[in-house]
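In: next come a sequence and a model predicted from it.
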Amino acid sequence: IRQCVRKVVNCILEQGLVHPVQFIPNLIAMTTDNDLTIQQNITVSYAVDRQTYLNNNPDIELTTQESAHLSRSLYILGVLCKYFDIESSDFEDFDLFTIDDLFQLFIYYINHDCNQIKHKSLIGLGYYLQRYGQYLLQDTVRHLYTTHLIDENQLKVIRCQILTNLEDYFRDCIRRISEEDIEHTKKRQQNGTTDKDDDDLDNDHEENDDQKKQRKKSGSGANEDYTDLKDTSDIHSEMASSIAQCYLRTILDTYLTPITEIRQCVRKVVNCILEQGLVHPVQFIPNLIAMTTDNDLTIQQNAEQNLQELDKTHPGIIQTKVMQGLKMSYQLQTMLISSVSTTNIIRGMTVIPNQYQQQGQQQQFWSCNHFLYSLIRTNRTYRRGLLTQLLKMFDDTTTSSLEEQLFVADNLAYFPYQVQDEPLFIVQIIDLSVSVNGAGILQQFRDILKRQNTSGETEEDDDEDVLLLEKILSYSNAVISELYTCIRSSKSCLLLLLLKQYLKDVYGLNDTKISEYDQTEAQKVTDRPLTTRKIHLKFHPKYIINYINEQLQTVRVTFSFDDKKQLVKDFQDFKSYLLAFDSETPGNTVADDDESSNMSDEIKPTTKPTSVISQYQSVLQSISSKKKTKSKKKSKKKKRRSSSDEDDESDGVNGDDSV
């Protein structure tokens with residue numbers, strides 16, 4: 001007792017009165033049988049008295065002192081309910097209140113206007129539900145918890161307390177099951193000792209009939225206790241599993257919030273459920289993947305540990321939900337950045353912490369989902385499946401936004417690649433994707449123009465900047481909007497090409513390596529270690545970033561002359577870029593046309609990461625000068641306008657070739 005008193009005093013000095021108030025009732029429950037005192041405490045509780053008073057006087061407002069007194073009363077009442085079972089035979093004379101009456105008391109004060117009283121009522125209800133967990137499955141508590149958790153306008157402390165209540169319930173289940181397992185073991189040992197004594201007595205033949213009957217009766221009682229303990233443990237486990245299933249979806253959805261404290265509480269509940277195995281772990285994988293990208297280090301490290309354990313115990317399970325996890329990672333980063341600024345672009349890479357960088361080195365980056373990729377990359381099938389799914393997000397049929405595609409491209413640029421097969425596989429998929437999607441985008445653009453073509457002009461006329469601009473100026477805003485959507489899809493192809501150039505620069509991939517690569521070869525051939533890695537290069541697709549910034553700042557309902565002129569320029573630029581790409585793609589036959597040959601020579605990659613844009617500009621300048629001459633000749637033949645007007649218009653469309 002002296003040791004307990006000393007520990008209580010130290011705890012009060014260090015942590016205040018909160019923890020002693022929790023364990024003093026537990027100490028009383030273990031050391032005293034004076035249940036009458038507990039009955040009197042519940043009966044004369046200030047919370048019970050105030051409920052009657054407030055019901056009779058609904059317009060009365062409580063003073064600060066009364067609110068504090070009521071809050072303490074609710075807290076203590078909840079702790080007493082946790083450690084003393086009012087339904088037990090020790091409380092058979094206690095007929096003033098039932099457990100349902102106490103439950104309704106907590107619900108009554110949770111709906112009170114005072115936030116302090118509401119908070120303490122939730123704490124008291126949490127203690128109450130640790131003993132009477134069946135109420136968690138009732139509609140009243142389910143509706144209360146669910147509506148408060150999903151309500152973004154609800155107080156942070158209220159939402160955190162609900163999550164804490166659920167965590168405390170699951171942890172209390174662990175404690176109860178552990179205690180029952182200990183009793184379970186003791187009963188088994190006693191039962192084994194009884195059986196052994198029975199054998200000895202049977203061998204000695206020294207007991208009479210009455211002793212044999214008494215011995216069999218006691219042995220039967222031990223077996224019954226053993227069975228009851230086992231059934232009780234199973235009941236607790238099944239109820240905890242049902243409650244976890246009931247609230248799981250709401251808990252996981254609550255994680256996507258910019259409030260760090262709420263995300264930390266969700267992490268604790270998820271970790272507790274996973275430890276007990278109450279729910280199949282596949283449902284947690286998307287959230288765990290998103291947690292590895294959290295800016296809170298505790299959440300991040302805990303999620304990484306959970307994913308590692310799942311990968312060991314359930315091989316291949318992470319791959320089943322990897323895309324959902326990556327999408328949730330993007331949603332989380334969007335929320336975190338939006339809470340700070342509405343103009344920042346979400347990037348898929350972060351600065352490597354100082355402990356992972358060598359002193360004196362330039363600032364380096366790694367992908368947000370680098371840990372996820374490190375788990376999957378060891379299996380070539382899973383690795384290629386992930387990379388293929390990520391690159392499919394750039395197809396012209398995808399619903400992914402350009403901002404999300406930039407996030408994915410950043411991840412692809414900074415994944416921790418170890419073997420040559422990884423960047424070479426990505427480059428090969430990019431070549432195929434750009435070839436198919438690029439041609440499809442051009443055809444879609446031409447189809448829109450063809451639907452509006454009523455004058456019988458040929459499709460070749462659409463390749464001329466001046467003639468195309470003349471047509472587009474007469475189109476309605478609805479048609480222009482369609483063309484803008486089509487051009488927006490072209491940015492995905494350009495982003496892929498910039499990613500390809502970055503991978504070639506960083507890992508020293510030349511056209512010979514790319515053309516010789518065969519993904520069907522044996523793993524020992526393709527999985528050769530990477531010998532070149534220029535870590536100082538940064539993936540910064542400035543052209544795409546500027547385009548996204550422009551789209552975020554401008555909401556177009558109508559389109560000006562400059563907008564339409566830029567639309568024509570983007571179309572011609574994209575078409576020219578695809579022509580240059582076809583010329584440099586390994587295995588493609590370069591046409592004898594002088595223009596194609598010149599572009600093939602000018603767009604050769606260099607070691608600089610920004611070389612693609614600079615070379616692209618020079619290519620467009622050469623194309624622009626050639627097209628001006630052709631445009632003049634065709635315009636004279638058709639006699640559409642005077643040669644002087646033609647020169648002015650052509651210069652206005654093709655004059656600004658910078659990307």
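Out: Sure thing, it's come through.
In: going by C-alpha atoms from here, please, whenever you check contacts or count neighbours.
Out: OK.
In: alpha carbons of the strand or helix carrying residue 410, as CSV, please.
Out: Using DSSP states H and E, residue 410 sits in helix 402-414. Listed in CSV are the C-alpha atoms of helix 402-414, where the atom choice follows Å, rounded to 0.1, in the frame of the first residue of the first chain:
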residue,chain,number,x,y,z
LEU,A,402,-2.7,17.2,-65.4
GLU,A,403,-1.8,18.1,-61.8
GLU,A,404,-2.2,14.5,-60.8
GLN,A,405,-0.1,13.4,-63.8
LEU,A,406,2.6,15.8,-62.8
PHE,A,407,2.6,14.2,-59.3
VAL,A,408,2.9,10.7,-60.9
ALA,A,409,5.7,11.9,-63.2
ASP,A,410,7.7,13.2,-60.3
ASN,A,411,7.4,9.9,-58.6
LEU,A,412,8.5,8.0,-61.7
ALA,A,413,11.4,10.4,-62.0
TYR,A,414,12.7,9.9,-58.5
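In: show the average pLDDT along it.
Out: The average of the pLDDT scores along helix 402-414 is 95.
In: what's the first helix or strand after that helix?
Out: Toward the C-terminus, helix 402-414 is succeeded by helix 421-451 as the next helix or strand (DSSP H and E).
In: and that following helix, what's buried?
Out: If you call a residue buried by 16 or more other C-alpha atoms under 10 Å, then helix 421-451 has these buried ones: 421-431, 433-435, 437-438, 441-442, 444-446, 449.
In: break the chain down into its domains, please.
Out: Here the domain parsing of the chain from automatic domain parsing is 2-193+231-269, 417-654.
In: least reliable of these going by mean pLDDT?
Out: Ranked by mean pLDDT, those end with domain 417-654 in last place, scoring a mean of 70.
In: shaky segments in the stretch 251-400 of the chain?
Out: Counting by pLDDT under 70, the low-confidence segments of the stretch 251-400 of the chain come to 342-343, 354-363.
In: the same query, at a cut-off of 80, please.
Out: 339-344, 352-363, 396-398 (pLDDT under 80).
In: could I get the full set of strands for it?
Out: Along the stretch 251-400 of the chain, counting by DSSP state E, counting those that start in this stretch, strands occupy 349-351, 365-367.
In: tell me the most buried of those?
Out: Most buried of these, by mean neighbour count (mean count of other C-alpha atoms under 10 Å): strand 365-367, with a mean of 21.
In: so what touches that strand?
Out: 348-352, 410-416 (C-alpha atoms under 8 Å, 6 or more residues apart in numbering).
In: nearest to residue 562 among these?
Out: Ranked by distance to residue 562 (C-alpha to C-alpha), the contacts of strand 365-367 are led by residue 410 at 31.5 Å.
In: my read: the closest one touches residue 345, true?
Out: No. Residue 410 lies out of contact with residue 345 (C-alpha atoms under 8 Å); the separation is 12.0 Å.
In: name the residue in the two with the higher neighbour count.
Out: When residue 410 is set against residue 345 and neighbours are counted by other C-alpha atoms under 10 Å, the residue ahead is residue 410, at 25 against 18.
In: so how far is residue 373 from residue 400?
Out: Relative to residue 373, residue 400 is positioned 21 Å away (criterion: C-alpha to C-alpha, to the nearest Å).
In: quick one: which of these two has more around it?
Out: residue 373 (21 against 15).
In: tell me the contacts of the closest residue to the more buried one other than its chain neighbours?
Out: Distance criterion C-alpha to C-alpha, 6 or more residues apart in numbering; nearest residue to residue 373, sequence neighbours excluded, is residue 415 at 6.8 Å. Contacts for residue 415 (C-alpha under 8 Å, 6+ apart) come out as 366-367, 369-370, 373.
In: can I get the residues you listed in CSV with distance to residue 495?
Out: CSV is the format used below for those (distance: C-alpha to C-alpha, whole Å):
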residue, distance to residue 495
366, 19
367, 17
369, 19
370, 20
373, 21
